[in-house]
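Chemist: next input, structure requested:
(one chain, ligands or ions: 1)
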Amino acid sequence: MHSKTAVIIGAGPAGLTAALRLAQRGYGVTVYEKLPVAGGMMAVGIPEYRLPKEPLFAEIENIERAGVEIRCNQSLGSDFTVNDLLDRDGYNAVILAIGAHKSRKLGIPGEKNVGVVHGTDFLREIGVFNRRLGSGDQRLVPSSQAVVNGKRVAVIGGGNVALDAARTAWRLGAKEVHVIYRRQREAMPAYAEEVKAAVEEGIQFHFLANPVKVLGDSYVTGLVIQRQRLGEFDAGGRRRPIPVDGDEFTLDVDMVIPAIGQTTDTAWMQDTGISATRSSTFVVNEALATTRAGVFAAGDAVSGPATVVEAVAQGMFHLWPVRSIDEGIERLTGVPAGERGPDGAYPPDTVNGRVDRRLHELAEKLEAFGKQPRETVAKDASDDDEEAQQGDKEPTGPTEPPPGEPDLPGDLPEPVASKWQMANS
Ligand SMILES: Cc1cc2nc3c(=O)[nH]c(=O)nc-3n(C[C@H](O)[C@H](O)[C@H](O)COP(=O)(O)OP(=O)(O)OC[C@H]3O[C@@H](n4cnc5c(N)ncnc54)[C@H](O)[C@@H]3O)c2cc1C
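Modeler: This is a model prediction of the structure:
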C-alpha cells in the first residue's frame, strides 16, 4: 500500500515521465488517458515514418512494469473531474499533462464541409488506427474523412504538423497533395529537411497564398485561395503577409487539412480553481504548481506546443532539480558532457541547433530550480514557442502570477532521458 498517491492526466511524454519518476519515488501512480492508446503526440501525432512506434510502446511497457497503472479511454471532463480525484478519490497530487490537442480553426466559409479534417485530428485517427491494426484488430478502419487514397488534398499551414499531414496523406495514396502557406518558403516554421523531402516526394507548395473559402455544398469540392504579398516586419521578425485584393485562384480538391496550430482544451476547467492564460496554457509557478492546491501541470499544456524533450523535461521538472547546466543537459540528452564535441556541440544525429538552444535554456532552468527551490514565479507561457510544430499563430497575451502552492517533496536520483527521444526530435 502506498502512503502517497498521484494521478497523472494524459499519457504523453510529460505525463509518462512524471508518472515514472513519481512511481520511482514510491508514489502509487495512475495515469488517465483519453485515447485508447498511450504515448500522446509521440503515438498519435508524429508519423510512424519519422518516429517508429515499437521503441515507444516498449518504453511505455517498461513504465508500466515500474508500477504505473495506465487507464486508457478515461477523459477528464466527461469520465471524471479534478474535484473527483482530489475530494472523492483522495489523491495527494494531480498532474495535468493533457498537451495541446484542440485544433485552431481557419474561420472561413465551408470549414464544416465533409472532407475538412484538421491536421492533428487527421494524424490522430491514423495513429490510433495503426496501433489497433498492429494489435490485430482488422475490423477497425479510419473514418471516411481520414481516408485519402486517390483524393486531391490541400494542407494549410507551414509548420511541422502541416508537413507531417501532407507527407502522411501522400503515403496513404493521395492523388495530389498541395501545401498552402501564407508566407514564403524561407519563413516556414517546419524543419527545412522536411520541406525538402516533401518537395522531392512530389508534394506541391503554394507560397504567399491563404485560403478564403472551402467550396462544396456539403462535401469539399475545392478551395478558393487568395494571393498574399509581404508587408512590414512583425514582432517575430518576419514580414507580415497581406492579402492582394482580387487576386484569387481555385484548387480542385476533395479534402482540406488545416494545420495552423493547436491549443489546450480547457472546456472542463470551470469551478476547479485552476487558471489558464489567454492562450489556454495553465498558469503555473516555477514548481509547475497550478493555482489549485495539489494540482500541477507539465508539457505542452504549460509551454504551448513545443517538443518531446521539453515535455519530458517538464515531466520531471519539479521532481528532479540538478546542480549544474552540464548535469541538466546530460540528463536531458543522455549524452555525458565528455562525449560532446568541440565547443560543447552535440552529436549531429541527436540534436539540431534549435534544440541545442532550447536544451541549454531548459538546463539553466533546471539548475536555477535546483538552487532556488519553490520560488513563486509566473510562467511566461506561450510566447512565440509555436515555431517548431505550428502553422503560424500570432503571439498571445501575458500570464498572471499564481500563488505559491505546495509541491511534491524530495529529489530523485539517476534519471536519464532515452536517446530515442532526442534522436527523433
Ligand atoms: C504532428 C506533430 C509532429 C511533431 N513532431 C515533433 C518532432 O519531430 N519532435 C519533437 O520533439 N516534437 C514534435 N512534436 C511535438 C511533441 O509531440 C509534443 O510537444 C509533445 O508530445 C508534448 O507532450 P505532452 O505530454 O505535453 O502532450 P501530448 O503528447 O500531447 O500528450 C497529452 C496526452 O493527454 C491526453 N489528453 C488530452 N486531453 C485529455 C483529457 N481531457 N483527459 C485525459 N487525457 C487527455 C491526450 O490524448 C494525450 O495522450 C510534434 C507534434 C505534432 C502534433
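Chemist: shouldn't M42 be in contact with V309?
Modeler: No: M42 is beyond contact range of V309, at 11.2 Å (criterion: Cβ atoms under 8 Å). Where C-beta positions appear, they are placed from N, C-alpha and C, glycine not excepted.
Chemist: how far away is the residue nearest to the spatial centre of the chain from the ligand?
Modeler: The geometric centre of the chain, computed from its C-alpha atoms, lies nearest to P305 (Cα atoms, centre = their mean), at 4.6 Å. Distance of P305 to the ligand, given as Cβ to the nearest ligand atom, to the nearest Å: 6 Å.
Chemist: make 170 the first number, not 1, from now on.
Modeler: Yes, from this point I'll number from 170; that puts the last item at P474.
Chemist: what's the distance between the residue of the chain positioned farthest from its centre and R396?
Modeler: What lies farthest from the middle of the chain is G415; by Cα atoms, centre = their mean that is 36.9 Å. According to Cβ to Cβ, to the nearest Å, G415 and R396 sit 9 Å apart.
Chemist: equivalent analysis for V381, please.
Modeler: 10 Å.
Chemist: tell me which other helices or strands whatever helix or strand the residue farthest from the centre of the chain lives in touches.
Modeler: Element membership of G415 [criterion: DSSP states H and E] is strand 408-420. Judged by 3 or more Cβ pairs under 8 Å, 6 or more residues apart in numbering; DSSP states H and E, strand 408-420 is in contact with strand 378-384, strand 391-402.
Chemist: in it, what counts as buried?
Modeler: In terms of neighbour count (16 or more other Cβ atoms under 10 Å), strand 408-420 has its buried residues at 409-410, 417, 420.
Chemist: also near the ligand: which of the residues you listed, exactly?
Modeler: Among these, not one lies near the ligand by Cβ under 6 Å from any ligand atom.
Chemist: number of residues surrounding the residue nearest to K203 when sequence neighbours are not counted?
Modeler: Nearest residue to K203, sequence neighbours excluded (Cβ to Cβ, 6 or more residues apart in numbering): S244, at 4.1 Å. Residue crowding around S244 was assessed by other Cβ atoms under 10 Å; the count is 15.
Chemist: any idea of the pLDDT on S244?
Modeler: On the pLDDT scale, S244 is placed at 96.
Chemist: for the ligand, what are the nearby residues on the stretch 320-469 of the chain?
Modeler: With Cβ under 6 Å from any ligand atom as the criterion, the stretch 320-469 of the chain meets the ligand at residues 329-330, 333, 468-469.
Chemist: out of those residues, the closest to the ligand would be?
Modeler: Distance to the ligand across those (Cβ to the nearest ligand atom) is lowest for G468, with 2.1 Å.
Chemist: state the number of residues packed around that closest one.
Modeler: For G468, the neighbour count with other Cβ under 10 Å is 35.
Chemist: tell me the confidence at it?
Modeler: We have a pLDDT of 94 for G468.
Chemist: how about the contacts made by it?
Modeler: Going by Cβ atoms under 8 Å, 6 or more residues apart in numbering, G468 touches 179, 181-184, 209, 266, 268, 475, 479-480, 483-484.
Chemist: and stretch 287-296, average pLDDT?
Modeler: Mean predicted confidence for stretch 287-296 is 91.
Chemist: my bad, stretch 436-452
Modeler: 93.
Chemist: domain boundaries for the protein, per the record?
Modeler: 174-271+432-592, 274-427 (automatic domain parsing).
Chemist: mind checking the SS state of the residue nearest to the centre of the chain?
Modeler: Look at P474: counting by DSSP: H, G, I helix; E, B strand; the rest coil, its state is coil.
Chemist: next one: the one 4 residues further on
Modeler: Using three-state DSSP as the criterion, the local structure at V478 reads helix.
Chemist: what about it, how many neighbours?
Modeler: By other Cβ under 10 Å, 22 other residues sit near V478.
Chemist: now it: how far from S472?
Modeler: In terms of Cβ to Cβ, V478 sits 11 Å off from S472.
Chemist: what about the stretch 370-519 of the chain, any weak spots by pLDDT?
Modeler: For the stretch 370-519 of the chain, residues meeting the criterion pLDDT under 70 lie at 455, 486-519.
Chemist: what of the stretch 170-319 of the chain?
Modeler: Where the stretch 170-319 of the chain drops to pLDDT under 70, the residues are 170, 300-315.
Chemist: which parts of it sit against the ligand?
Modeler: Counting by Cβ under 6 Å from any ligand atom, the stretch 170-319 of the chain sits next to the ligand at 178-184, 201-204, 209-211, 214-215, 244-246, 266-268, 270, 289, 292.
Chemist: repeat the analysis, applying 5 Å as the threshold.
Modeler: Proximity of the stretch 170-319 of the chain to the ligand (Cβ under 5 Å from any ligand atom) is limited to residues 178-183, 203-204, 209-210, 214-215, 244-245, 266-268.
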